[in-house]
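Trainee: starting from these lines, generate the structure:
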Amino acid sequence: MKQDGDYTTAICDKLPVRTLLEVFALIYKAHAMPETQLNYIDPLDNVSYCASFRDQTLAVSVVDYGPLPNASLLPILSDRFGEPDRMLSKPWYRNEECTFFVMYWDGFDIESIINSFSTAPGYWNDRNIKDVLN
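Mentor: Numbering: from 1, shown residues only. Below is the predicted model:
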């Protein structure tokens, strides 16, 4: 089992724009519903994305098949929100053939989400965001 400070290999594929839009919409909606975990399952690859807020901490998780954590969101979210304060990866409790990867940002402010939409060239635009958020 990995201990704090240990490193592991991770999957970091490029994500489709639609998936990114869904994840950011999920984060935005989760902020409006504190202490509620919201989930999006990508219909193309069956990867599960979850977001929740509690005590100004944002948690975003990814569950994917295989032994390696799927860290595809890490570079994208880090560019927008800074490096996560904590990360954890382990076999998923519902199916040990899947790996659970979660990232936490403490003291998170929803304004950083709104600002990130307008500073993310190549990923989304205001029209796409409004379509997903509605």
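
Trainee: packing partners of the lengthiest helix in the chain?
Mentor: Secondary structure assigned by DSSP state H gives helix 17-32 as the longest helix of the chain. With contacts defined as 3 or more C-beta pairs under 8 Å, 6 or more residues apart in numbering; DSSP states H and E, the secondary structure elements packing on helix 17-32 are strand 38-41, strand 48-54, strand 57-65, helix 110-118, helix 126-133. C-beta coordinates here come from the backbone N, C-alpha and C atoms, glycine included.

Trainee: rank those by pLDDT, which is bottom?
Mentor: Among the helices and strands packed on helix 17-32, helix 126-133 carries the lowest mean pLDDT, a mean of 51.

Trainee: what stretches of this protein score poorly on pLDDT?
Mentor: Within the chain, the ranges that satisfy pLDDT under 70 run 1-12, 112-134.

Trainee: spatially central residue for it, please.
Mentor: Centroid check for the chain by C-alpha atoms, centre = their mean gives Val60 as the closest residue, at 4.0 Å.

Trainee: in the sheet, who's paired with that residue?
Mentor: With DSSP bridges as the criterion, Val60 is bridged to Ala51, Met103.

Trainee: that one and His31 touch, don't they?
Mentor: No: taking contacts as C-beta atoms under 8 Å, Val60 lies outside contact range of His31: 11.8 Å.

Trainee: count of residues packed around the nearest residue to His31 once chain neighbours are set aside?
Mentor: Nearest residue to His31 in three dimensions, chain neighbours excluded: Ile110, at 4.7 Å (C-beta to C-beta, 6 or more residues apart in numbering). Number of residues near Ile110 (other C-beta atoms under 10 Å) recorded here: 15.

Trainee: look up how far Val62 lies from Ile110.
Mentor: According to C-beta to C-beta, to the nearest Å, Ile110 and Val62 sit 21 Å apart.

Trainee: please apply the same query to Leu74.
Mentor: Distance from Leu74 to Val62, by C-beta to C-beta: 9 Å.

Trainee: more crowded one of these two?
Mentor: For Leu74 versus Val62, neighbours defined as other C-beta under 10 Å are more numerous around Val62 (23 against 19).
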